[in-house]
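**Q** coords below, sequence missing:
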């Protein structure tokens with residue numbers, strides 16, 4: 001059963017291209033270490049909520065946009081092994097993050113419902 005790492009990240013608007021370059025460099029590393037899919041999405045339609053929303057969740061400042069990202073792994077065990085390898089990977093040390101990591105929201109998730117268009121799907 002798939003396992004997911006999810007991220008919500010505030011990124012300065014001026015750093016969009018720098019973020020895209022870092023994400024494009026990191027994605028093949030995730031795939032090499034066993035990830036099935038890497039998705040990086042720049043906010044396009046993030047509306048303010050009455051109590052909370054993506055922007056307030058990461059304390060996004062006026063000049064920042066929100067990135068929603070996830071990595072799909074075949075299992076938590078594969079993800080955990082990949083994370084351990086990433087800690088020692090010199091390529092990771094060379095990456096300069098174009099955002100404040102202090103306000104990044106991150107977590108690991110197990111699949112609850114997983115349905116793909118055109119299939120009967122597996123409700124996990």
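**A** Cool, the structure landed. As the structure is a computational prediction, the values presented were derived from the model and not from experiment.

**Q** Which stretches in this protein count as strands?
**A** Taking DSSP state E as the criterion, the chain carries its strands at 3-12, 37-42, 64-73, 105-110.

**Q** List the contacts of the worst-scoring helix or strand of the chain on mean pLDDT.
**A** Least confident helix or strand, the chain: helix 90-93 with a mean of 82, by mean pLDDT, DSSP states H and E. If you take Cβ atoms under 8 Å, 6 or more residues apart in numbering as the criterion, helix 90-93 is touched by 25, 26, 29, 86. C-betas here are computed from N, CA, C, even on glycine.

**Q** and it, how far from the chain's centre?
**A** 18 Å (Cα atoms, centre = their mean, to the nearest Å).

**Q** out of the strands of the chain, nearest to residue 21?
**A** For the strands of the chain, proximity to residue 21 was assessed by Cβ to Cβ; strand 37-42 is nearest, at 11.0 Å.

**Q** Give me the angle between that closest one and strand 64-73.
**A** Taking axes from the mean of the first three to the mean of the last three Cα atoms, to 10 degrees, one finds strand 37-42 and strand 64-73 inclined to each other by 170 degrees.

**Q** roughly how far apart are residue 115 and residue 108?
**A** Residue 115 is 21 Å from residue 108, where distance means Cβ to Cβ, to the nearest Å.

**Q** who has more neighbours, those two?
**A** The neighbour count for residue 115 versus residue 108, taken as other Cβ atoms under 10 Å, is higher for residue 108 (14 against 10).

**Q** where does the more buried one land on pLDDT?
**A** Looking at residue 108, its pLDDT is 97.

**Q** how much space between the closest residue to it other than its chain neighbours and residue 40?
**A** Leaving aside its chain neighbours, residue 108 sits nearest to residue 5 (5.7 Å; criterion: Cβ to Cβ, 6 or more residues apart in numbering). Computed as Cβ to Cβ, the residue 5 to residue 40 distance reads 12 Å.
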